[in-house]
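Participant: For reference, the sequence and a predicted model appear below.
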Amino acid sequence: DPYIHHFSINREYLPVKALMVQRTYLQEKEDRMYILEGEAQIEEENKQNLSSSAILKDVSKGTIIEFPFFYYPGYEITLEDNTKLEVIETQNGFVGCKITQDMEKTKIKVEYKGTVVTYVSYIVSLVSFIIFVIYCYKENRYEC
């Protein structure tokens, strides 16, 4: 098959719901936010690396928004007044949230912050590296 598509590489890293969704959804999905349920207008959308932001207008309570990122733990969603929204996995396997109140206009931002496990592993790796360097230094010093 000369055409490489999303199902030919790295499927083992996709969330289960993303694997179960119709193949056409992933192929035709654009790299932007979607309103899955409810009412809202998305304006001035901006996506860079693992963060995305947009201005939402006329948002009704209960609106579900899907962001252009596969769902993995560690994402954080905030509104312009620093209100944090609960991060959910949409039925398509992407990061999403449910708006908790009616709003006329607000800015929403989603970004990957990492998990506690990620930060603990960084610290353990750093401490292990420092201990290894000290060990190597002492071993070489005593050989002379």
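Facilitator: The structure has been received and is ready for your questions. Residues are numbered from 1 along each chain as shown.
Participant: And residue 36, which helix or strand is it part of?
Facilitator: Using DSSP states H and E, residue 36 falls within strand 34-37.
Participant: That strand: what's the following helix or strand?
Facilitator: Proceeding N to C from strand 34-37, the next assigned helix or strand is strand 41-48, under DSSP H and E.
Participant: Which strands and helices lie in contact with that following strand?
Facilitator: Contact partners of strand 41-48 among helices and strands, from 3 or more C-beta pairs under 8 Å, 6 or more residues apart in numbering; DSSP states H and E: strand 51-59. C-beta here means a position set from N, CA and C on the backbone, and glycine is covered the same way.
Participant: Tell me the bridge partners for residue 41.
Facilitator: Note on residue 41: beta-bridge partners by DSSP bridges are residue 57.
Participant: so what's it up against?
Facilitator: By C-beta atoms under 8 Å, 6 or more residues apart in numbering, the contact set of residue 41 is 56-58.
Participant: quick one, helices of this protein?
Facilitator: Under the criterion DSSP state H, the chain contains helices at 16-20, 23-28, 116-143.
Participant: most tightly surrounded among the ones you listed?
Facilitator: For the helices of the chain, average neighbour numbers computed from mean count of other C-beta atoms under 10 Å are highest in helix 16-20, which has a mean of 14.
Participant: That'll do, ta.
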